[in-house]
Each structure stands twice: as C-alpha cells, then as structure tokens.
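In: Structure for this input, please:
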Amino acid sequence: MVTLAELPTLVCPWCGFAVPKDTPWAISAATVWGWCGVKLTVDDEVAGVLLLAPLEEPGHARVMAVWVRPGSTGAGYGRQLVQAAAAGLVARKARVIEARGSRTGVRCEAPPHEFLRAVGFTRGRDDRLWRLDLDRAVLGERNGVRNVFERFWESLRPVVPPEPAGGAISGRVHRS
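Out: Okay, here's the model as predicted:
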C-alpha cells in the first residue's frame with residue numbers, strides 16, 4: 001500500500017508527475033482508508049502505481065493516477081494493480097472505482113480506454129468516465145479480485161505454531 005510519505009518518490013515515468021504528500025485528495029484517502037494507493041515492485045524497483053481518492057458518495061473511489069513503467073507494460077502489472085486496489089477497497093467496504101479514460105496518449109491521470117475495458121471497467125455516463133463495480137467483480141470473478149482479496153487477508157493472519165505431539169505442554173497426558 002502507498003502511504004503519504006511515499007507519494008513524492010513515486011514519479012510517473014511517462015509524464016514526470018509526482019503527487020505532493022500534502023495533496024488534499026491524498027490526505028483524504030489516507031484518513032479514510034489508511035493508504036492512498038497500491039504499488040507493485042519487481043526486483044526491488046517500483047514497476048507500477050495506482051493512486052486512489054475517496055469520492056463524496058460513500059463507498060466510491062476515483063483513480064487519480066495509474067502507471068506501469070516503460071518496458072514492463074503488457075506483463076499484467078496494470079491488472080494486478082487494479083486487483084490489489086479493489087481488494088483493499090473491498091476490505092474498507094467500498095463498492096465502486098471510477099476512472100477517467102483517454103482515447104489517445106499515455107497519461108497517468110487518464111489511462112487508455114482499452115486498458116480500463118481489459119481490467120473490468122465499463123463505460124459510465126459519458127465517454128471519459130469508466131466504472132468498476134466491486135460487488136459484481138468480487139462475486140463474478142472468482143480467480144480475479146476475490147483471490148487477491150483472500151491472499152491479502154491470509155498474509156495478515158499470524159502464523160500459529162503447531163501443537164506438540166502428545167499434548168505435553170497442555171498438561172494433558174494420556175495413559176493406556
């Protein structure tokens with residue numbers, strides 16, 4: 001997960017934009033969710049970032065920026081970023097992610113329509129606004145968002161050590 005402190009270091013390799021940590025939408029996201037986006041690292045380098053902001057309507061979020069570094073596109077990293085963000089938002093009871101799409105050019109604040117469609121977004125009220133319904137995505141795509149969500153929560157559970165054989169520590173001794 002991306003924190004406010006990390007934002008200035010996550011520079012878009014396509015346009016050079018970095019979000020200052022005192023940006024109002026980022027502060028709002030960190031206040032509401034405890035984070036403001038997700039990042040993907042490969043070989044200890046950031047390969048991609050997806051930043052989100054909460055919207056006025058409860059349970060709704062907006063993609064503020066998404067990028068995958070040049071040379072790493074087409075490897076499924078964008079899909080993984082969307083799935084990780086969706087899993088984190090589902091855990092926070094969010095229901096919808098909105099994104100502004102672009103027909104031309106690569107811009108981190110408005111990803112291409114083709115990308116949004118490929119990762120599960122549908123066209124919204126106008127040609128530029130796209131929507132990902134998390135309730136339908138989690139219920140309808142068993143190998144997608146739900147698996148990412150389950151793996152995320154599984155990674156947070158503490159590992160319970162195995163019980164010793166014979167119950168010696170519990171004080172229960174069985175004699176025959």
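
In: Just name the shakiest helix or strand of the chain by mean pLDDT.
Out: When the helices and strands of the chain are compared on mean pLDDT, DSSP states H and E, helix 145-156 comes out lowest with a mean of 54.

In: downstream neighbour of the longest helix that the chain contains in the secondary structure list?
Out: Looking across the chain with DSSP state H, the single longest helix is helix 77-91. Scanning forward in sequence from helix 77-91 by DSSP states H and E, the next helix or strand is strand 96-100.

In: For that next one, which outside residues touch it?
Out: With contacts defined as Cβ atoms under 8 Å, 6 or more residues apart in numbering, strand 96-100 is touched by 52, 55, 59-63, 66, 82, 85-86, 89, 109-111, 116, 121, 124, 128-134. For the C-beta atoms, the positions are set from N, CA and C on the backbone; glycine is no exception.

In: correct me, but residue 90 touches residue 134?
Out: Yes - if you go by Cβ atoms under 8 Å, residue 90 and residue 134 touch, sitting 5.5 Å apart.

In: and the two? which has more neighbours close in?
Out: residue 134 (23 against 19; other Cβ atoms under 10 Å).

In: Distance-wise, check the spatially most central residue of the chain relative to residue 132.
Out: With distances taken as Cα atoms, centre = their mean, the residue of the chain nearest its centroid is residue 85 (1.5 Å). Noted for residue 85: a distance of 9 Å to residue 132, by Cβ to Cβ, to the nearest Å.

In: for residue 37, same thing?
Out: Relative to residue 132, residue 37 is positioned 15 Å away (Cβ to Cβ).

In: Of the two, give the one with the bigger neighbour count.
Out: Shown here are residue 37 and residue 132; by other Cβ under 10 Å, residue 37 has more neighbours (28 against 23).

In: Looks like the more buried one contacts residue 3 (just checking).
Out: No - Residue 37 is not in contact with residue 3 according to Cβ under 8 Å; the separation is 9.1 Å.

In: Other residues contacting stretch 30-47?
Out: Under the criterion Cβ under 8 Å, 6+ apart, residues 1-4, 6-7, 10, 25-26, 29, 48-54, 64-65, 68-69, 72, 77, 80-81, 84-85, 88-89, 92 lie in contact with stretch 30-47.

In: make it 7 Å
Out: Residues outside stretch 30-47 that contact it (Cβ atoms under 7 Å, 6 or more residues apart in numbering) are 1-4, 7, 10, 26, 29, 48-52, 54, 68-69, 72, 77, 80-81, 84-85, 88, 92.

In: And for residue 5, the neighbour number?
Out: Residues near residue 5, counting by other Cβ under 10 Å, number 9.

In: hang on, I meant residue 20
Out: By other Cβ under 10 Å, the residues close to residue 20 number 9.

In: quick one: the residue lying closest to residue 38 once chain neighbours are set aside and residue 51, what's the gap?
Out: Spatial nearest neighbour of residue 38, chain neighbours left out: residue 84 (4.4 Å); criterion: Cβ to Cβ, 6 or more residues apart in numbering. For residue 84, the distance to residue 51 equals 12 Å [Cβ to Cβ].
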